[in-house]
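Asks: Only the shape, not the letters, is given here:
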């Protein structure tokens, strides 16, 4: 098994294929040799800004040349990358900046409306790449002094992705170079990524799905073709314009494309692979995509951020009569990669054919950045019974990560049945309903609040907040959630006299969802 750092994965391709195209973003195209030289100049800017190599670099960028070059430059200097979300409120990015201990943040023209507030409020040095500086980077003096690269071991942290947390505070998920190396070692051949591949880039860097796109490409010598925001919703146009061989995205983009009538049968005749993850892939999704891309092999990819992007890649049979029809009409997630282990544990922590999926192996992260978050998220298991980890003992590689996902074996395949708790995914983004509820509870007139998910008429998932107490205006609600990313904003806020409970005193979310689905959403925003 290969064991190297992210930058070493890139360097191997740059050495082997210097004249192959590495990156196409907006109007800029760079070969591996050109990208490597640009990365070296960016690393000089980072080094000069701090007077030495950075330790942790924030990337407040979106689908830009600066973002990709900065990611590699930080890796070259041995730094940990911490992607920030330009679409999030400045307060959230500032909280992540402090929690991660950043010592440098890169901004450019894609840094979002909160960039100005971020600049004023942070005391972390800013590397300003706005205006014409990206072009200056490409045209810079080739004789400029380039700092030496910084060696790191594969046990060092490659990146930190922040996910939604139940306490209202985002959770930092550090991933080591060894974790990513084990992942790339499997998925590059599994997804037939080669120097001739042309791969889409649709995920934001703050979502760990971007790792397979970016470093799956650069680790195999392929070309990374960056889709801008408008391109994502018209995949056929982008696939054909860029002559893509590989498309990667969340499944909901298939629904969006269908809604726009932008997924006609046979419209992507040369696409070889469609790779979907981040939320449930349904039979209807696959039918629509396979009709538009008849040559494409379709993969259902599953994995929590804590187990490094994905741990399964189920290939849907080309012949529809061979598809496995599951109880919820979702495509199976399939078996875990051969170097990973799993066990299904029921509510009594006993193994069975249906239960919470628990995972361990070389892709499992070393534990949350805040060690207190590790409590209850791991178990030890001796083959018969399991014991919940309580943080009083060292966390070792023998511990199993509790995904919170309910999985069952059906007709010989693993099938995802949903969350066992209140954590869900909206358009591929992992959301703790408790984080939204925590934000809404700050209003003094709200007594109780529950955020539920409701399937809209188009089949997509919507969030709705139901609350008791005094009635609150839409404007006040907007102020409560404006610190959350847009995908975490409820579509509507609905006043109730009471919140129903189950017989054991828990909020009856199922009943609320069923009742709400029968009530016209007249108060939806």
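Replies: Yes, it's here. This one's a predicted model, so the numbers in the text were calculated from it and none came from an experiment. Residues are numbered from 1 along each chain as shown.
Asks: Report the mean per-residue pLDDT for stretch 471-491.
Replies: The average pLDDT within stretch 471-491 is 89.
Asks: residues in contact with the nearest residue to residue 85 once chain neighbours are set aside?
Replies: Ranked by CB to CB, 6 or more residues apart in numbering and with sequence neighbours excluded, the top spatial neighbour of residue 85 is residue 206, at 4.2 Å. Backbone N, C-alpha and C define where each C-beta goes, glycine included. Each residue near residue 206 by CB atoms under 8 Å, 6 or more residues apart in numbering is listed here: 83, 84, 85, 88, 161, 162.
Asks: Among those residues, the buried ones, what's the ChimeraX command?
Replies: The buried residues among the contacts of residue 206 can be selected in ChimeraX (16 or more other CB atoms under 10 Å) with this line:
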select :83,84,85,88,161,162
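Asks: Can you tell me which of the contacts of residue 206 has the lowest confidence score?
Replies: Lowest pLDDT among the contacts of residue 206: residue 88, 89.
Asks: Look up how far residue 105 lies from it.
Replies: 14 Å (CB to CB, to the nearest Å).
Asks: Can you pick out the most distant pair from the contacts of residue 206?
Replies: Comparing all pairs in the contacts of residue 206 by CB to CB, the longest separation belongs to 88 and 161, at 13.2 Å.
Asks: Report pLDDT for the nearest residue to residue 24 once chain neighbours are set aside.
Replies: Once flanking residues are discounted, residue 24 sits nearest to residue 225: 4.9 Å by CB to CB, 6+ apart. What the model reports as pLDDT for residue 225 is 98.
Asks: May I ask which helix or strand encompasses residue 225?
Replies: strand 223-226 (DSSP states H and E).
Asks: Would you pull up how far that strand lies from the middle of the chain?
Replies: The chain centroid and the centroid of strand 223-226 are separated by 18 Å under CA atoms, centre = their mean, to the nearest Å.
Asks: other SSEs contacting the helix or strand just after it?
Replies: With elements assigned by DSSP H and E, the helix or strand that comes after strand 223-226 is helix 229-232. Under the contact definition 3 or more CB pairs under 8 Å, 6 or more residues apart in numbering; DSSP states H and E, helix 229-232 sits against helix 235-241.
Asks: try 10 Å
Replies: Helix 229-232 sits against strand 198-201, helix 235-241, helix 252-259, with contacts defined as 3 or more CB pairs under 10 Å, 6 or more residues apart in numbering; DSSP states H and E.
Asks: buried set for it?
Replies: 231, 232.
Asks: Also stretch 394-403?
Replies: 399, 400, 401, 402, 403.
Asks: What of stretch 450-466?
Replies: Under 16+ other CB under 10 Å, the buried positions of stretch 450-466 are 450, 451, 452, 453, 454, 461, 462, 463, 464, 465, 466.
Asks: Which of the buried residues of stretch 394-403 sits closest to residue 7?
Replies: Closest to residue 7, out of all of the buried residues of stretch 394-403 and judged by CB to CB, is residue 401, at 26.5 Å.
Asks: now that closest one: how far from residue 365?
Replies: 8 Å.
Asks: what touches both of the two?
Replies: Shared contacts of residue 401 and residue 365 (CB atoms under 10 Å, 6 or more residues apart in numbering): 304, 306, 307.
Asks: which one of those has the most neighbours?
Replies: residue 307 (29 neighbours; other CB atoms under 10 Å).
Asks: in the stretch 201-350 of the chain, which ranges drop under the pLDDT threshold?
Replies: Nowhere does the stretch 201-350 of the chain drop to pLDDT under 70.
Asks: before we move on, back to that, make JSON lines out of the buried residues of stretch 450-466 and add secondary structure and pLDDT.
Replies: Output for these, formatted as JSON lines (DSSP: H, G, I helix; E, B strand; the rest coil; pLDDT from 0 to 100):
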{"residue": "450", "secondary structure": "strand", "pLDDT": "86"}
{"residue": "451", "secondary structure": "strand", "pLDDT": "88"}
{"residue": "452", "secondary structure": "strand", "pLDDT": "87"}
{"residue": "453", "secondary structure": "strand", "pLDDT": "84"}
{"residue": "454", "secondary structure": "strand", "pLDDT": "82"}
{"residue": "461", "secondary structure": "strand", "pLDDT": "78"}
{"residue": "462", "secondary structure": "strand", "pLDDT": "85"}
{"residue": "463", "secondary structure": "strand", "pLDDT": "90"}
{"residue": "464", "secondary structure": "strand", "pLDDT": "91"}
{"residue": "465", "secondary structure": "strand", "pLDDT": "92"}
{"residue": "466", "secondary structure": "strand", "pLDDT": "91"}
